[in-house]
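A.B. asks: sharing a model prediction with you, sequence too.
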Amino acid sequence: LVAVEALSMSVGEYLSSKSEAELWQKRMDEEKKEIKEEPERERVELEGFYREKGLQEKEVQYVTNLVAARPEWVLEEMAVHELKMSPVPPHSPLRGAFFMLFFYIAGGVVPILPYFFLDVQRSILPSIVATAGALFVVGGFKARYTTGKWIKGGCEMMFLSLAAATIGYAVGQIVTRFTA
């Protein structure tokens with residue numbers, strides 16, 4: 001079941017990432033066309049961006065001349081300031097799908113591992129503890145590379161995920177009572 005769910009999530013990630021990459025490419029291609037066909041209009045837009053940043057007119061002209069001489073720089077500026085998107089292409093859809101598959105399986109195995117070694121009744125608590133521990137480690141690892149607050153990140157991931165699992169369990173119990 002975990003493998004099937006992982007495959008479904010992986011396909012979803014692939015399709016989502018592919019759509020994002022296609023949209024990014026379409027918008028960048030449209031902007032490249034505008035830069036090529038209407039360089040003066042793009043130049044006026046660049047000047048506006050730099051004025052909004054507070055540059056003096058002499059600085060605006062200097063920076064605009066510098067950027068306008070390089071179409072790839074104009075494209076980067078337009079991506080950031082006009083399109084409000086990164087000039088760097090999104091990650092590969094296949095890469096995202098692979099990571100989703102791998103980590104979904106890895107995360108899905110943790111709660112079921114105790115059931116391979118213990119009977120069902122004695123597996124429940126070790127399963128919850130192992131899952132909470134794994135969530136804490138993942139949250140801490142993520143936070144270590146983002147905010148640097150690994151304890152806070154670990155607790156956040158663990159508590160929010162366990163809260164979501166508890167709500168899911170409660171909804172399942174309610175549905176079972178009303179449909180049984």
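C.D. replies: Looks like it came in fine. Because the structure is predicted, anything quoted here is derived from the model rather than measured.

A.B. asks: next SSE downstream of the longest helix anywhere in the chain?
C.D. replies: Taking DSSP state H as the criterion, the chain has its longest helix at helix 2-37. Following helix 2-37 in sequence order, the next helix or strand is helix 39-52 (DSSP states H and E).

A.B. asks: for that following helix, packing partners?
C.D. replies: helix 2-37, helix 57-68, helix 71-81 (3 or more C-beta pairs under 8 Å, 6 or more residues apart in numbering; DSSP states H and E). Heads up, the C-betas are built off the backbone N, CA and C, glycines and all.

A.B. asks: what about S86, is that helix, strand or coil?
C.D. replies: The three-state label given to S86 by DSSP: H, G, I helix; E, B strand; the rest coil is coil.

A.B. asks: for burial, what's the neighbour tally of it?
C.D. replies: With neighbours defined by other C-beta atoms under 10 Å, the count for S86 comes to 11.

A.B. asks: quick one on the thing from earlier: S123 is nearest to which of the helices and strands packed on helix 39-52?
C.D. replies: S123 lies closest to helix 2-37 among the helices and strands packed on helix 39-52, at 15.6 Å (C-beta to C-beta).

A.B. asks: now do the closest one and helix 39-52, the angle between them.
C.D. replies: Calculated by axes from the mean of the first three to the mean of the last three C-alpha atoms, to 10 degrees, helix 2-37 forms an angle of 110 degrees with helix 39-52.

A.B. asks: residues of helix 2-37 that come out buried?
C.D. replies: Buried residues in helix 2-37, counted by 16 or more other C-beta atoms under 10 Å: 6, 9-10, 13-14, 17-18, 21, 24, 28, 31, 34-35.

A.B. asks: as CSV, those with pLDDT would be great.
C.D. replies: Formatted as CSV, the buried residues of helix 2-37 follow (pLDDT from 0 to 100):
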residue, pLDDT
A6, 91
M9, 92
S10, 93
E13, 94
Y14, 95
S17, 94
K18, 95
A21, 94
W24, 95
M28, 96
E31, 96
E34, 96
I35, 96
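
A.B. asks: can you tell me which of those is closest to V175?
C.D. replies: M9 (22.9 Å).

A.B. asks: burial count for the residue nearest to P39 when sequence neighbours are not counted?
C.D. replies: Excluding its sequence neighbours, the residue lying closest to P39 (C-beta to C-beta, 6 or more residues apart in numbering) is A68, at 7.2 Å. By other C-beta under 10 Å, the residues close to A68 number 18.

A.B. asks: and what of R144?
C.D. replies: For R144, the number of neighbouring residues by other C-beta under 10 Å comes to 14.

A.B. asks: sweet, I'm off.
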